[in-house]
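Novice: quick one, fold the following:
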Amino acid sequence: MLPSARGSAALLRTKITFRAAVCAFVAGFALTTGGTAAAQPPPVCPNAAPPPAVDTSEVPAPGAPVPGPVPVPETPVGGDRMAECGVISAPGLPQPPGEVTAASWVLADLDSGAVLAAKDPHARHRPASTIKVLTALTALRELRLDDTIVATQDDANQEGSRVGLSPGVTYSVQQVLTGLIMQSGNDAAHALAMKMGGMGVAIDKMNALATELGALDTRTATPSGLDGPGMSTSAYDLAAIFRAAMHEPAFAAIIGTRNTVLPGAPGGPPLEVWSDNQVLLGYPGGLGGKTGFTDDARHTFIGAAERDGHRLVAVLMRGENQPIRLSAQAMRLLDYGFGLSGFGLSGSGLSAAPVGELVTTSPRPPTVDSSPQPQANSPEAGQPESSSMFGTVGGPLALLAVAAAAVISVLARRQHRAKLAAAARREQDKKDHP
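Specialist: Predicted structure coming up:
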């Protein structure tokens with residue numbers, strides 16, 4: 001073989017080796033990340049917004065913009081499985097009851113926050129009157145229970161279910177909250193909203209509290225749950241909001257009250273108020289809950305109960321009273337949850353891994369700091385080694401990249417030297433063979 005041919009062959013071998021290294025790097029990248037398909041985010045459930053409205057209740061006022069869907073968080077609140085579609089249950093446990101036909105539901109432990117089972121937990125639906133739990137929680141954080149509210153004609157004129165507030169009569173905030181929760185009074189919701197600063201201010205406070213609690217599927221447009229532009233929540237959010245509300249003694253007391261009386265109209269008898277929650281009225285250990293219905297939302301329901309030291313909550317959204325009523329579907333879910341005692345239900349939740357967790361704090365973006373920052377992965381940075389320049393792929397990919405870069409650098413130097421050697425041999429050939 002001529003010297004120039006030997007140089008060409010060496011250069012070719014270097015190029016092949018170089019390409020092989022690149023291919024190895026690409027293959028390693030694919031193995032580390034699970035390939036192109038696996039590296040893609042999981043498919044998004046087709047329920048980022050509630051189904052289309054069937055009436056004009058959500059048409060914005062003239063000149064007002066049409067609200068877009070609530071943004072879907074990059075990381076599902078409550079755990080990765082909370083992003084799944086369909087029925088979600090822990091491996092090795094019985095399947096949830098088939099009579100539960102609501103489009104979306106969550107069954108969770110009120111104390112530990114463990115989600116025991118779910119179906120499309122982050123699907124966006126309209127809350128109807130179940131949003132009154134958020135209204136009540138906002139009022140409890142904004143107002144004093146002994147503050148007074150004088151009912152107005154506007155309160156009394158509210159559409160839909162009403163507890164019967166009489167214009168001109170003075171009520172305490174606690175009494176109005178009682179009418180809000182026990183009989184789903186839209187007049188009570190309006191009165192509380194006006195006490196909190198007016199309709200717009202109250203709605204802003206409700207939405208701010210939802211964000212604070214990590215209920216990122218939630219955007220309310222009315223304090224009563226009547227449908228409005230952009231109204232949205234999820235079974236997961238309602239379960240988390242209800243869990244937070246049950247930590248308020250006043251809320252827990254009202255939600256568990258079967259009947260009471262409020263001041264009546266001037267000169268008239270007291271106003272008798274009864275709870276409308278069938279879990280409280282007819283389920284053993286019932287703690288109470290909240291009902292809801294609009295034409296757009298369909299039936300919604302929250303029911304909670306306690307048994308053998310466990311407190312569970314079932315939230316159902318966009319349900320129909322088929323094959324059994326939605327309240328009965330909630331009871332079936334509660335039966336299922338309490339029946340898990342033979343499958344590791346101990347303490348305040350599942351000892352086996354639950355399918356998710358009800359969080360009550362919002363994920364916060366990192367704070368921007370203008371001071372000098374330590375290098376990534378240094379002890380001062382306080383970051384795990386997996387948070388490398390490749391983001392969530394982690395440490396193995398970073399190590400692979402460093403190794404590949406070193407190999408490529410060595411091969412590049414060899415290729416350069418081979419080119420120089422080949423050029424030198426060609427010059428020598430010219431001298432030897434003029």
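Novice: test my guess that residue 212 contacts residue 361.
Specialist: Yes. Residue 212 is within contact range of residue 361, at 7.5 Å (criterion: Cβ atoms under 8 Å). Every C-beta, even on glycine, is put in place using the N, C-alpha and C of the backbone.
Novice: residue contacts, the residue nearest to residue 120 when sequence neighbours are not counted?
Specialist: Spatially, and ignoring its direct neighbours in sequence, residue 120 is nearest to residue 104 (4.3 Å; Cβ to Cβ, 6 or more residues apart in numbering). By Cβ atoms under 8 Å, 6 or more residues apart in numbering, the contact set of residue 104 is 47, 119, 120, 121, 123, 125, 234, 235, 316, 317, 318.
Novice: what about the third one, distance to residue 48?
Specialist: The one in question is residue 120. 11 Å (Cβ to Cβ, to the nearest Å).
Novice: neighbour count winner among the two?
Specialist: residue 120 (27 against 15; other Cβ atoms under 10 Å).
Novice: which residues touch that one?
Specialist: Shown in contact with residue 120 (Cβ under 8 Å, 6+ apart): 45, 47, 85, 86, 103, 104, 235.
Novice: for it, give its distance to residue 274.
Specialist: Distance of residue 120 to residue 274, computed by Cβ to Cβ: 33 Å.
Novice: in three-state terms, label residue 200 for me.
Specialist: Under DSSP: H, G, I helix; E, B strand; the rest coil, the three-state class of residue 200 is helix.
Novice: residues contacting it?
Specialist: Contacts of residue 200 by Cβ under 8 Å, 6+ apart: none found.
Novice: kindly report the same for residue 174.
Specialist: 145, 146, 250, 254.
Novice: try 7 Å
Specialist: 145, 250 (Cβ atoms under 7 Å, 6 or more residues apart in numbering).
Novice: please report the distance of it from residue 306.
Specialist: Residue 174 is 23 Å from residue 306, by Cβ to Cβ.
Novice: just residue 63 next, same as before
Specialist: Counting by Cβ to Cβ - residue 63 and residue 306 are separated by 50 Å.
Novice: quick one: which of the two has more around it?
Specialist: Higher neighbour count among residue 63 and residue 306: residue 306, with 17 against 5, using other Cβ under 10 Å.
Novice: look up how far residue 243 lies from that one.
Specialist: 14 Å.
Novice: count of neighbours near the closest residue to residue 217 other than its chain neighbours?
Specialist: Computed as Cβ to Cβ, 6+ apart, the closest residue to residue 217 that is not its neighbour in sequence is residue 234, at 3.8 Å. Applying other Cβ under 10 Å, we find 28 residues neighbouring residue 234.
Novice: which residues sit in contact with residue 234?
Specialist: Residues in contact with residue 234 (Cβ under 7 Å, 6+ apart) are 104, 121, 122, 123, 124, 125, 217.
Novice: return the backbone torsion pair for residue 255.
Specialist: As for residue 255, its main-chain torsions (degrees, to the nearest 10) stand at phi -60, psi -20.
Novice: and what of residue 170?
Specialist: The phi and psi values for residue 170, taken as degrees, to the nearest 10, are phi -90, psi 130.
Novice: can you pull the pLDDT of it?
Specialist: The score at residue 170 is 98. That number is its pLDDT.
Novice: now swap in residue 87 and tell me
Specialist: 96.
Novice: that one contacts residue 94, doesn't it?
Specialist: No. Using Cβ atoms under 7 Å, residue 87 makes no contact with residue 94, being 11.7 Å away.
Novice: buried set for stretch 194-214?
Specialist: Neighbour-count burial for stretch 194-214 flags 194, 195, 196, 202, 203, 205, 206, 207, 209, 210, 213, 214 (criterion: 16 or more other Cβ atoms under 10 Å).
Novice: now do the contacts for residue 299.
Specialist: Taking Cβ under 7 Å, 6+ apart, one finds 293, 319, 320, 321, 326 in contact with residue 299.
Novice: check residue 229 too.
Specialist: So residue 229 contacts 58, 60, 66, 67, 221 (Cβ under 7 Å, 6+ apart).
Novice: the fourth one looks like it's in a helix, true?
Specialist: Put plainly, it is residue 67. No. Residue 67 is assigned coil when assessed by three-state DSSP, not a helix.
Novice: who touches the closest residue to it other than its chain neighbours in this structure?
Specialist: Residue nearest to residue 67 in three dimensions, not counting chain neighbours: residue 230, with 3.0 Å by Cβ to Cβ, 6+ apart. The contact partners of residue 230, by Cβ under 7 Å, 6+ apart, come to 67, 219, 221.
Novice: give me the phi and psi for the nearest residue to residue 123 once chain neighbours are set aside.
Specialist: The shortest distance from residue 123 to any non-neighbouring residue, by Cβ to Cβ, 6+ apart, is to residue 47 (3.8 Å). Main-chain torsions, residue 47, degrees, to the nearest 10: phi -140, psi 40.
Novice: could you verify my assumption that residue 47 touches residue 124?
Specialist: Yes. With contact defined as Cβ under 7 Å, residue 47 reaches residue 124; the gap is 5.8 Å.
Novice: who's more crowded, the two?
Specialist: residue 124 (24 against 20).
Novice: what about the residue nearest to the more buried one when sequence neighbours are not counted, neighbour count?
Specialist: Closest residue to residue 124 apart from its sequence neighbours, by Cβ to Cβ, 6+ apart: residue 232 at 4.7 Å. Look at residue 232: counted by other Cβ under 10 Å, it has 20 neighbours.
Novice: and residue 291, by the same measure?
Specialist: Neighbour tally, residue 291, other Cβ under 10 Å: 23.
Novice: now do residue 144
Specialist: 10.
Novice: please report how far it lies from residue 243.
Specialist: Residue 144 sits 23 Å away from residue 243, going by Cβ to Cβ.
Novice: can you check residue 198 too?
Specialist: Counting by Cβ to Cβ - residue 198 and residue 243 are separated by 29 Å.
Novice: what's the answer for residue 132, then?
Specialist: Separation of residue 132 from residue 243 (Cβ to Cβ) stands at 16 Å.
Novice: now residue 205
Specialist: From residue 205 across to residue 243, the span is 20 Å (Cβ to Cβ).
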